[in-house]
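Peer 1: next one to model:
(2 chains)
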Amino acid sequence: MVEQFDRALRLASTRIVESIANFLPGALVFLVLLVGALIVALVLRYALRRALNGLEFDRRAGLLGISLSDWTPSRSASTLVASVAYWTVLALGLLFGFTALNATLPSQFAVSVLQYVPHLVAALVILVVGGVVARFLARATLIGAVNMGVQYARLLSLTVKWLVLIVAAAMALDHIGIGRTVLLLAFGILFGGVVLAIALAVGLGARDVVSRALDRQLREPARDDKLNHV
Amino acid sequence: MVGLTSYHDQETIGAVTAAVHEGLTCHFAGLTSRIVLVDCGSTDSTVARAREALGDGGDLLEVSAPRAGVDLLEVPYHGIPGKARALHTILTTARELDARGCVIFDAGVRTITPHWVDWLARPVIEHAFDFVSPYYHRQPFEGALTKGLVYPLVRALYGVRLRQPAAAEFACSGRLLDHFLEEDLWERDGAQVGIDLWLAASAASGDFRLGEAALGIRTHHARGGEALDLGTTIVQIAGSLFADLEGRAGRWQRTRGSVPVQLFGTSLATGSPQASSVDVERLIESYRLGYRELRDIWTWVLPPRTIVELRKIADGPHMLFRLDDELWARIVYDFVLGYRLRVLARDHLLQSLAPLYSGWLASFIVQVRDRSTEAVDQRVEDLAAAFEAQKPYLIARWRWPERLRTGQEKRKE
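Peer 2: Numbering: from 1, shown residues only, chains lettered A, B, ... in the order given. The predicted structure follows:
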């Protein structure tokens, strides 16, 4: 009995030691990977900040209409890019570390996340391009409407900006597969509703105004045409 | 040699060709002359009318210029798509013919007389002038963009008082013609739109003798399409001028002051130019709307001091609406710098100048409304002098643009 207990105890101890011996290298690799990722992330963040400052990235991004002041007044575009790179490298280091631990669940998670990364990057690109296009079109609409003497130019401009931003966000979400059906339905309802509302507003509320404007347009040339500016 | 550029000008080209032929026959009978027509793709009977007008009495040399499909995508303010290619073809032909001088006419002009040929060509042929620009008699508010921006800027930058440098007609000597053809402006972006201005700037910035010819009243037939809106006109005119002066910075930064150019010809035109009706109230409202909505965009281009002055004007009563010459000059110079630094998309930048121009025009009209033509001309000269006085402001910021950037960053903070 005692001998059996002693054998079982030895076996258990051996297994525990073996498990620890099996786990320790993985844990060590995990730690090394994590520390390595941290160092790479820090170096990358520093290098990116220096490089982007040298390239006047913030000014150039401002020219393209990418301004973060509306959302994060304390952060510039270059700081954001550097931070995104920093956290991406850290996250990747963590995922690789889990794989090194040979833990089945985190490994599967890591693989699935890594497979998802291209979609995330594409969605991010869609969002950034959407933001740039939205600001460009909003500014063009604002200036054009002001030059046409439209009193509600800013409202028009904001409408254009948010329409493009919403479309970009929907495209990005669709790309990463979040709420595809709901989004489609929501957009159908939203755009249908907007168009119907405008049609009703113009058809019922502003019928006379539109009629007068068209009449004026057809009868006489624009007042601006009478003066040759050149 | 006389070159004609045409595009859907069947209504006027007959009279233009006949007038040119008569001008050459009467005034330059002792010289060998040729009329060269470059049509820019008319689908009507423009070319046939030109041939008919000359009959057997004169030979018309028809030369075709290369065309590009993109020309039809943009309607230029002068109405002739592919105009730079047409002018290049005419000047090349003139060089091949070893012409002593070349006179260019737009075939859409209604008021041309044989004297126009004489007054434009004689300074080149007999007085050794290199470039003769027309000086048309205009109603006080007509050509306001030329009076308020193009002329003062060209005068301040290049030091010559060429009052209508954006005109479609001009005469040039063989020497200047060679210089034009050697310039690298023919294939530049925007050449088809801004070529008239660029040639005038090229002549003004070189060591050439410049003159003006008083040709009377110029009216022009509409080439089908609607007139361009103000924003597009400013984009084309100011954009062409701003784009060109980037390449001539070395020259205009050395130029100080300005000299008048000799005026030839006496206008035989009777009557006065057709009066334009301008709604000053609407112009002021355009300015105020612009200030309200585009102020944020202007802060990218204009310094805070200017924005404060613009606010005072916007808040003031209609009766006292004034935009000072110095302020307007600095605004234009700041837009020149903004264009150079690309602080915004260039089209946006130039279009946002339209309400400011409306404000200046309103102020100009209020000041000259009931005054004589001489007084109006003097008012334009005063404005141009203000542009000259403010030129150091442009030069300083052109040379150290980072100061402007620092200013913008401070404003953002």
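Peer 1: name the helices or strands packed onto the helix or strand encompassing A:R139?
Peer 2: A:R139 is located in helix A:104-147, with elements delineated by DSSP states H and E. Counting by 3 or more C-beta pairs under 8 Å, 6 or more residues apart in numbering or on different chains; DSSP states H and E, the packing neighbours recorded for helix A:104-147 are helix A:77-100, helix A:153-175, helix B:230-246, helix B:280-298, helix B:346-351, helix B:354-368. C-beta coordinates here come from the backbone N, C-alpha and C atoms, glycine included.
Peer 1: is the fifth one anywhere near chain A?
Peer 2: Yes: with C-beta under 8 Å from any C-beta of the partner chain as the threshold, helix B:346-351 lies in contact with chain A, specifically through B:D347, B:H348, B:Q351.
Peer 1: for chain A, what are the nearby residues on the stretch 301-413 of chain B?
Peer 2: With C-beta under 8 Å from any C-beta as the criterion, the stretch 301-413 of chain B meets chain A at residues B:R342, B:V343, B:L344, B:A345, B:D347, B:H348, B:Q351, B:S352, B:A354, B:P355, B:R405, B:K412.
Peer 1: 6 Å instead, please
Peer 2: Selection of the stretch 301-413 of chain B residues close to chain A by C-beta under 6 Å from any C-beta of the partner chain yields B:H348, B:Q351, B:S352, B:A354.
Peer 1: break the chain down into its domains, please.
Peer 2: All of this refers to chain A. Chain A resolves into domains spanning A:1-102, A:116-178, A:186-218 when parsed by automatic domain parsing.
Peer 1: chain B is the one I meant
Peer 2: B:2-264, B:280-412.
Peer 1: where does pLDDT dip in the stretch 251-400 of chain B?
Peer 2: Residues of the stretch 251-400 of chain B that meet the criterion pLDDT under 70 lie in B:267-276.
Peer 1: what's the answer for the stretch 1-150 of chain B, then?
Peer 2: Within the stretch 1-150 of chain B, the stretches with pLDDT under 70 are B:57-58.
Peer 1: any idea which element the closest residue to chain A within it lies in?
Peer 2: Of all residues in the stretch 1-150 of chain B, the one sitting closest to chain A is B:L145 (4.1 Å; C-beta to the nearest C-beta). Using DSSP H and E, B:L145 falls within helix B:144-145.
Peer 1: nearest spatial neighbour of the residue of the stretch 1-150 of chain B closest to chain A, skipping sequence neighbours?
Peer 2: Spatial nearest neighbour of B:L145, chain neighbours left out: A:H229 (4.1 Å); criterion: C-beta to C-beta, 6 or more residues apart in numbering or on different chains.
Peer 1: distance of that neighbour from B:A156?
Peer 2: Counting by C-beta to C-beta, to the nearest Å, the separation of A:H229 from B:A156 is 20 Å.
Peer 1: related to what we said a few turns ago, most neighbours among the residues of the stretch 301-413 of chain B next to chain A, please name it.
Peer 2: Within these, most neighbours by other C-beta atoms under 10 Å in any protein chain shown means B:Q351, with 28 neighbours.
Peer 1: any idea how far chain B is from the spatially most central residue of chain A?
Peer 2: Centroid-nearest residue in chain A: A:L124, 4.1 Å away (criterion: C-alpha atoms, centre = their mean). Distance, A:L124 to chain B, using C-beta to the nearest C-beta, to the nearest Å: 24 Å.
Peer 1: and the pLDDT for the closest residue to that residue other than its chain neighbours?
Peer 2: In space, and not counting its chain neighbours, A:L124 is closest to A:A172: 7.5 Å by C-beta to C-beta, 6+ apart. What the model reports as pLDDT for A:A172 is 89.
Peer 1: the one 3 residues further on now?
Peer 2: Confidence per residue is given as pLDDT, and for A:H175 that number is 85.
Peer 1: and the nearest residue to B:S42 once chain neighbours are set aside, what does it touch?
Peer 2: Excluding the flanking residues, the one nearest B:S42 by C-beta to C-beta, 6+ apart is B:H8, at 4.9 Å. Remark: with contacts taken as C-beta atoms under 6 Å, 6 or more residues apart in numbering or on different chains, B:H8 is in contact with B:S42, B:D44, B:R223.
Peer 1: what do you get if the cut-off is 7 Å, keeping everything else the same?
Peer 2: Contact analysis of B:H8 by C-beta atoms under 7 Å, 6 or more residues apart in numbering or on different chains lists B:S42, B:D44, B:T46, B:R223, B:G224.
Peer 1: these two touch, right, B:L97 and B:S33?
Peer 2: No: the criterion here is C-beta atoms under 7 Å, and B:L97 misses it with B:S33 at 9.9 Å.
Peer 1: and those two? which has more neighbours close in?
Peer 2: More crowded of B:L97 and B:S33, by other C-beta under 10 Å: B:S33, with 22 against 15.
Peer 1: leaving out chain neighbours, which residue sits closest to that one?
Peer 2: Spatially, and ignoring its direct neighbours in sequence, B:S33 is nearest to B:L24 (4.5 Å; C-beta to C-beta, 6+ apart).
Peer 1: returning to what we had before: identify the contacts common to B:L97 and B:S33.
Peer 2: Common contacts of B:L97 and B:S33 (C-beta under 7 Å, 6+ apart): B:M1.
Peer 1: tell me the first helix or strand C-terminal of the longest helix seen in chain A.
Peer 2: Using DSSP state H to define each element, chain A has its longest helix at helix A:2-54. Next along the chain after helix A:2-54, taking DSSP H and E as the criterion, comes helix A:57-63.
Peer 1: what are the buried residues along that following helix?
Peer 2: By 16 or more other C-beta atoms under 10 Å in any protein chain shown, the buried positions in helix A:57-63 come out as A:F57, A:D58, A:R59, A:A61, A:G62.
Peer 1: how close does the nearest residue to B:L31 once chain neighbours are set aside get to B:L185?
Peer 2: With sequence-adjacent residues excluded and distances taken as C-beta to C-beta, 6+ apart, B:L31 is closest to B:I125, at 7.3 Å. Using C-beta to C-beta, B:I125 is found at 26 Å from B:L185.
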